[in-house]
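Q: Could you look at this predicted model? Sequence included:
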Amino acid sequence: MKTSSTPHGMARWTGKTALVTGASNGIGAAIATRLLAEGMRVVGCSRSQETVADVLAAADPDGEASLAVACDVRDEAAVKAAFAAARERFGGVDVLVNNAGLGHAGPLAAGEVEQWREMLEVNVLGLCICTREALADMRARGGRGQIIHIGSMAGQRVPAGAGLYAATKHAVRALTESLRMELREAGDPIRIGEVCPGFVETGFAAHYLKSEEKARQTYSQFKVLESRDVAEAVVYMLACPDHVQVHDILLRPTEQPT
């Protein structure tokens, strides 16, 4: 009987490099901070380089283990430049966390094309571009790697009024399984998984609902998740031995009814 060559734990990722998209606030910032605390090097990507630099500096004051990069995941050239910067600074990427995402609530019958396009380009196309670049980087270096998509419970069922947003998150779910099958067919040791949180107290709701007041009402119904709860799920997924692939983590607040 074969035994695992790696124990459960984060030790094997010490000194390895993670690229985290959407790392300037909320879940992405929590993940970047948590991975730095685990001894990883982190390339934080965001449309606002200054903001993500502040996040990383709080966790890595001397800047030796982190790099802030301006990157809009909708821009293929910007994504390629981000991975090139990671290679130049740290030798390449071992872990990709596809966290960048956004939403606009609204019925399909009255939707705005620009909002639809933005969700599709960030939540689906941008995720695909980042995944492709990470795979090329990991394979070129011949090492094991891990790709983690931050999805949503909206990708597991369809909330009322979710419109195209839920469709993009169902796409992420499909892409996760599609990549898993591709990797297995190729005999590739790179792992893929998805973390799907329910309500998390971030700036997402205010953007999604176009109202700070509605966001406060959403988050005050019951104790919702915190960004660090999602970061812990990411760490658990990474910490599993090489022979264990955690494909999906569904993460709801205990009191969330749907």
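A: Everything's here; your move. Numbers count the residues shown, from 1 in each chain.

Q: any idea how far the nearest residue to residue 252 once chain neighbours are set aside is from residue 37?
A: Nearest residue to residue 252 in three dimensions, chain neighbours excluded: residue 198, at 3.9 Å (CB to CB, 6 or more residues apart in numbering). C-beta here means a position set from N, CA and C on the backbone, and glycine is covered the same way. Distance from residue 198 to residue 37, counting by CB to CB, to the nearest Å: 25 Å.

Q: Looking at these two, which is more packed in?
A: Using other CB atoms under 10 Å, the more surrounded residue of residue 198 and residue 37 is residue 198, with 18 against 13.

Q: so who does the more buried one touch?
A: Applying CB atoms under 8 Å, 6 or more residues apart in numbering to residue 198 gives the contacts 153, 224, 225, 251, 252, 253, 256.

Q: Between these, which sits nearest residue 17?
A: residue 251 (25.2 Å; CB to CB).

Q: so how far is residue 26 from the nearest residue to that closest one once chain neighbours are set aside?
A: Distances taken as CB to CB, 6+ apart place residue 197 nearest to residue 251, at 4.5 Å, with adjacent residues excluded. Look at residue 197 and residue 26: by CB to CB, they are 11 Å apart.

Q: With neighbour numbers in mind, choose between these two.
A: Taking other CB under 10 Å, residue 197 and residue 26 do not tie; residue 197 has more neighbours (23 against 18).

Q: And the helices in the stretch 1-150 of the chain?
A: 26-37, 49-59, 76-90, 113-119, 127-141 (DSSP state H, counting those that start in this stretch).

Q: Quick one: those as a markdown table, columns for mean pLDDT and distance to residue 184 too.
A: What follows is the helices of the stretch 1-150 of the chain, written out as a markdown table (pLDDT from 0 to 100; distance: least, CB to CB, whole Å):
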| stretch | mean pLDDT | distance to residue 184 |
| --- | --- | --- |
| helix 26-37 | 97 | 26 |
| helix 49-59 | 97 | 34 |
| helix 76-90 | 98 | 24 |
| helix 113-119 | 95 | 30 |
| helix 127-141 | 95 | 14 |
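
Q: Which of those has the highest mean neighbour count?
A: When you average the neighbours per residue for each of the helices of the stretch 1-150 of the chain (mean count of other CB atoms under 10 Å), helix 26-37 leads with a mean of 24.

Q: who touches it?
A: 13, 18, 20-23, 42, 44, 46, 52, 55-56, 58-60, 65-66, 95, 97, 99-100, 150, 197, 200, 202-204, 226-228, 230-232, 234-235.
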